[in-house]
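*Asks:* Show me how the following folds:
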Amino acid sequence: MINQSNAVGIKGVSRAILTAVVTVIVAIIFLATTAFADMTAQYNVEVVVENDSVVITTNETEPITILSQANVTLADSDKLDISQFIAGEGGIIKIDKLNSINIEFNGAINNYSVYANNVEDALNELGITLAADSKLNYELTDAVKDGMVITIHSPKAVSLTVDGKTTKYAIYQGTVSDLLALAQVTLGDDDFTSPAENTELKENMQVKVNRVEFKEVTKKESVAYSTRSENDGSMTAGTTKVVTKGVKGEAEVTYKVKYVNGKEDSKTELSRKVTKKPISKVVKVGTKKTSGASGVKSNGVTSKNGFSVGQKITGKYTHYCACATCNGNGRGITASGKKITNGMANPYYIACNWLPLGSVINVDGTNYTVVDRGGSGLSTVGRIDIFTPEGHKACYKYGTGKCSIEIVRLGW
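*Replies:* Okay, here's the model as predicted:
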């Protein structure tokens, strides 16, 4: 007979085993499902820092956490761009670093801070628009680097004059020497530029090449004559006479002449040969002292009208003769009644208005008597008109001049 209790036990065991198996299977399925779920939640994110990038796989959704996984730390001045990032799906997380750059334009340097990654974006960020003919020291695609100096060159309009021809050039930078190189102009050993070759070019600068050449030139030149004075005791003091006229000589002179742009600039004498000697001018100078009015007697008057005997005055003289033009009448009668005629022996008379008639003055060593008056010009103290018996022509010959006057007598 069958043992009922055993049968029942076997059935109980079988159910227990089946339950355990089902439980294990369910657990396995749960774990597999969970693992698969975790694996499907991860996604790729590209992290871009300026011009460098890295791709990481993550199941995080917060950009800051994702950056931490990429070992990227944000600075206070950094700018975070998540416009191309979708949490749980992927995309790009971009970080723009704040860089300090310098812009140099026309010699002036200014400092700016920009987030741009390349030169073109930096200029756009600063609102700087390049002219069509501007030139940079970087390519527009070059990466921005902290502390870099971006130089913007605009062409300068300059003119160059060479051998009488002027040409205009556009050059970005440099000196006058660079302009000559651009124009393919070669300077001679003595040529020079205005301004100098090392001068920095400026807008609208005018540069000129000065061509220099040297030549030896021989010329005929006159040689000045000298004047020799000889004292003559037979001639009255204060008179002169030319006894030999001066004649210029001639010489052949060779010069080294400097020409700048075809025009004489300077010259240096190399040699001189006298081909004709000059003849000196010889002048006789009178030294004879005369008393003029002989036997000057004192009248006892020592002062009168503000003048005194022995007083010395600096004067000015002219000459007149007995003609109607000089004397005012053809009769030759002076204001004192003294008679004068041309050709007479020299009486040593003068005319003036500032001394009493009859006064005697010594003029440069010769005594003269005041016997006549004249125009208002003779009223100035020291102004005298000397009677010249040689005639009108002699008056012009003796001319005018300064003299020293001493009062010998006042009045008759």
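*Asks:* Lys402: how many residues sit nearby?
*Replies:* Here the count is done by other C-beta atoms under 10 Å, and Lys402 has 10 residues near it. Placement of C-beta: from N, CA and C, glycine included.
*Asks:* Which strands border the helix or strand harbouring Arg228, and is each parallel or antiparallel?
*Replies:* Assessed by DSSP states H and E, Arg228 sits inside strand 227-236. Here strand 227-236 is paired, per DSSP bridges, with strand 281-288 (parallel).
*Asks:* Quick check: mean pLDDT of the following helix or strand past the strand it pairs with?
*Replies:* Next helix or strand after strand 281-288 toward the C-terminus (DSSP H and E): strand 303-304. Averaged across strand 303-304, the pLDDT comes to 94.
*Asks:* ok, strand 303-304: who's next to it in the sheet?
*Replies:* For strand 303-304, pairing defined by DSSP bridges yields strand 307-308 (antiparallel).
*Asks:* can you list contacts of the strand it pairs with?
*Replies:* Contact with strand 307-308 is made by 302, 355, 407, 410, as judged by C-beta atoms under 8 Å, 6 or more residues apart in numbering.
*Asks:* tell me the mean pLDDT for it?
*Replies:* 96.
*Asks:* Please save the CA atoms from the next helix or strand after it in PDB.
*Replies:* Once the chain leaves strand 307-308, the next helix or strand it forms, by DSSP H and E, is strand 312-320. Extracted C-alpha coordinates of strand 312-320, given in PDB (Å, rounded to 0.1, in the frame of the first residue of the first chain):
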ATOM      1  CA  LYS A 312      84.500 172.000 -28.000                       C
ATOM      2  CA  ILE A 313      81.600 170.800 -30.100                       C
ATOM      3  CA  THR A 314      81.000 167.900 -32.500                       C
ATOM      4  CA  GLY A 315      79.900 169.500 -35.800                       C
ATOM      5  CA  LYS A 316      78.800 168.800 -39.300                       C
ATOM      6  CA  TYR A 317      80.100 170.700 -42.400                       C
ATOM      7  CA  THR A 318      79.000 171.500 -45.900                       C
ATOM      8  CA  HIS A 319      80.700 173.700 -48.500                       C
ATOM      9  CA  TYR A 320      79.400 176.700 -50.500                       C
END
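*Asks:* can you give me how far strand 312-320 is from the chain middle?
*Replies:* Here the centre of strand 312-320 is set off from its chain's centre by 54 Å, with C-alpha atoms, centre = their mean, to the nearest Å.
*Asks:* What are the boundaries of the strands in the stretch 51-200 of the chain?
*Replies:* Along the stretch 51-200 of the chain, counting by DSSP state E, counting those that start in this stretch, strands occupy 52-58, 79-86, 90-96, 99-105, 108-114, 135-136, 149-153, 156-162, 165-171, 192-194.
*Asks:* which one's the longest strand in the protein?
*Replies:* Identified as the longest strand of the chain according to DSSP state E is strand 263-276.
*Asks:* Okay, now the sheet partners of that one, with direction.
*Replies:* strand 249-260 (antiparallel).
*Asks:* Give the burial count for the nearest residue to Asn102 once chain neighbours are set aside, as a bare number.
*Replies:* Nearest residue to Asn102, sequence neighbours excluded (C-beta to C-beta, 6 or more residues apart in numbering): Val149, at 4.4 Å. A count of neighbours around Val149, defined by other C-beta under 10 Å, yields 12.
*Asks:* what about the protein, any weak spots by pLDDT?
*Replies:* 1-40, 106, 236-239, 289-295, 329 (pLDDT under 70).
*Asks:* Apply 80 and report the result again.
*Replies:* 1-40, 50-51, 105-108, 130-133, 154, 233-239, 286-295, 327-330 (pLDDT under 80).
*Asks:* Spatially central, which residue of it would that be?
*Replies:* Central residue of the chain (C-alpha atoms, centre = their mean): Pro195, 9.9 Å from the mean position.
*Asks:* who's in contact with it?
*Replies:* Neighbours of Pro195 in contact, by C-beta under 8 Å, 6+ apart: 176, 205, 207.
*Asks:* ok, now Gly374?
*Replies:* The neighbours of Gly374, taking C-beta under 8 Å, 6+ apart as the test, are 320, 351-353, 385.
*Asks:* Which one of these sits in the busiest neighbourhood?
*Replies:* Cys352 (27 neighbours).
*Asks:* Report the separation between that one and Glu406.
*Replies:* Per C-beta to C-beta, to the nearest Å, Cys352 is found 14 Å from Glu406.
*Asks:* Touching, the residue nearest to Asn102 and Ile109? I think so.
*Replies:* Yes. With contact defined as C-beta atoms under 8 Å, Val149 and Ile109 form a contacting pair (7.1 Å).
*Asks:* who touches both of these two?
*Replies:* Among the neighbours of Val149, those also in contact with Ile109 (C-beta under 8 Å, 6+ apart) are 102-103.
*Asks:* what's the spacing between the spatially closest residue to Asn327 that is not a sequence neighbour and Gly343?
*Replies:* For Asn327, ignoring the flanking residues on the chain, the nearest one in space by C-beta to C-beta, 6+ apart is Tyr320 at 6.8 Å. Distance, Tyr320 to Gly343, by C-beta to C-beta: 15 Å.
*Asks:* Kindly report the same for Ser234.
*Replies:* In terms of C-beta to C-beta, Ser234 sits 20 Å off from Gly343.
*Asks:* count of residues packed around the nearest residue to Val301 once chain neighbours are set aside?
*Replies:* With C-beta to C-beta, 6+ apart as the criterion, Val301 has its nearest non-adjacent residue at 4.7 Å, and that residue is Leu410. Leu410 has 24 neighbouring residues, counting by other C-beta under 10 Å.
*Asks:* thought Leu410 was touching Gly300?
*Replies:* No. Between Leu410 and Gly300 there is no contact under C-beta under 8 Å: 9.8 Å.
*Asks:* Can you give me every residue that contacts the closest residue to Thr314 other than its chain neighbours?
*Replies:* The shortest distance from Thr314 to any non-neighbouring residue, by C-beta to C-beta, 6+ apart, is to Gly382 (6.0 Å). With contact taken as C-beta under 8 Å, 6+ apart, Gly382 is in contact with 313-316, 354, 405.
*Asks:* For Leu80, state which of those is nearest.
*Replies:* Taking C-beta to C-beta as the measure, Leu80 lies nearest Thr314 of these, at 103.5 Å.
*Asks:* returning to what we had before: and the strand holding Arg228, C-alpha only, in CSV?
*Replies:* C-alpha atoms of strand 227-236 as CSV (Å, rounded to 0.1, in the frame of the first residue of the first chain):
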residue,chain,number,x,y,z
THR,A,227,94.1,151.9,-51.1
ARG,A,228,97.3,153.5,-49.9
SER,A,229,97.4,156.9,-48.2
GLU,A,230,100.4,159.3,-48.4
ASN,A,231,100.7,162.4,-46.2
ASP,A,232,101.4,165.6,-48.1
GLY,A,233,102.6,168.6,-46.1
SER,A,234,101.9,171.0,-49.0
MET,A,235,98.2,170.2,-48.9
THR,A,236,95.8,171.7,-46.3
